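A.B. asks: From the sequence below, what's the structure:
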Amino acid sequence: MTSTCILTDSTAQFPIPAFEGRKLVNIVGLHFIDPQTNQSIGNGLRAHDLSASVNGESVTRLAHPHVSEFEAQYLQLGKIYQEIVVITHTADLGETY
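C.D. replies: Next up is the predicted model:
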């Protein structure tokens, strides 16, 4: 059993995406909601995956991962790793903390 892994959300940025140890990083994806239908348009999308608004209006709404998504990851990763280090952004930036 490997001793430690990292759990973060999809706001994490990796300057070098293929770094050594990348397999130990697990990501819970943010959700983007279409404001017209209130339906999810993608789980785990990143901001650069979305098209820019042509009229300056917000085309999507960000929804943070639900607690149950983190719980599911904890259960799954807990079977493989002895320790899980969770790194999220500050409470000042969103609800994922």
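A.B. asks: and stretch 86-97, how far apart are its ends?
C.D. replies: End-to-end distance for stretch 86-97: 9 Å, by C-alpha to C-alpha, to the nearest Å.
A.B. asks: Give the buried residues for that stretch.
C.D. replies: Across stretch 86-97, burial judged by 16 or more other C-beta atoms under 10 Å covers 86, 88, 96. Any C-beta I mention is one placed from the backbone N, CA and C, and that applies to glycine too.
A.B. asks: Mind putting these into TSV with pLDDT, secondary structure and distance to Cys5?
C.D. replies: Converted to TSV, those look like this (pLDDT from 0 to 100; DSSP: H, G, I helix; E, B strand; the rest coil; distance: C-beta to C-beta, whole Å):
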residue	pLDDT	secondary structure	distance to Cys5
Val86	94	strand	10
Thr88	87	coil	15
Thr96	78	coil	18
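A.B. asks: would you list every one of the helices in this structure?
C.D. replies: 67-78 (DSSP state H).
A.B. asks: Tell me where it has strands.
C.D. replies: 2-9, 25-28, 31-33, 40-43, 61-63, 81-87 (DSSP state E).
A.B. asks: buried residues in the third one?
C.D. replies: Burial within strand 31-33, assessed by neighbour count using 16+ other C-beta under 10 Å, is assigned to 31-32.
A.B. asks: who are the neighbours of that strand, in terms of helices and strands?
C.D. replies: If contacts are counted by 3 or more C-beta pairs under 8 Å, 6 or more residues apart in numbering; DSSP states H and E, strand 31-33 sits against strand 40-43, strand 61-63.
A.B. asks: so how far is the shortest one off the chain centroid?
C.D. replies: What that stands for is strand 61-63. Its chain's average C-alpha position is 12 Å from that of strand 61-63, according to C-alpha atoms, centre = their mean, to the nearest Å.
A.B. asks: contacts for that strand?
C.D. replies: 30-33, 35, 40, 94 (C-beta atoms under 8 Å, 6 or more residues apart in numbering).
A.B. asks: With distance to His66 added, can I get the residues you listed in TSV?
C.D. replies: Compiled in TSV, the contacts of strand 61-63 are given as follows (distance: C-beta to C-beta, whole Å):
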residue	distance to His66
Leu30	11
His31	9
Phe32	14
Ile33	13
Pro35	19
Ser40	12
Gly94	13
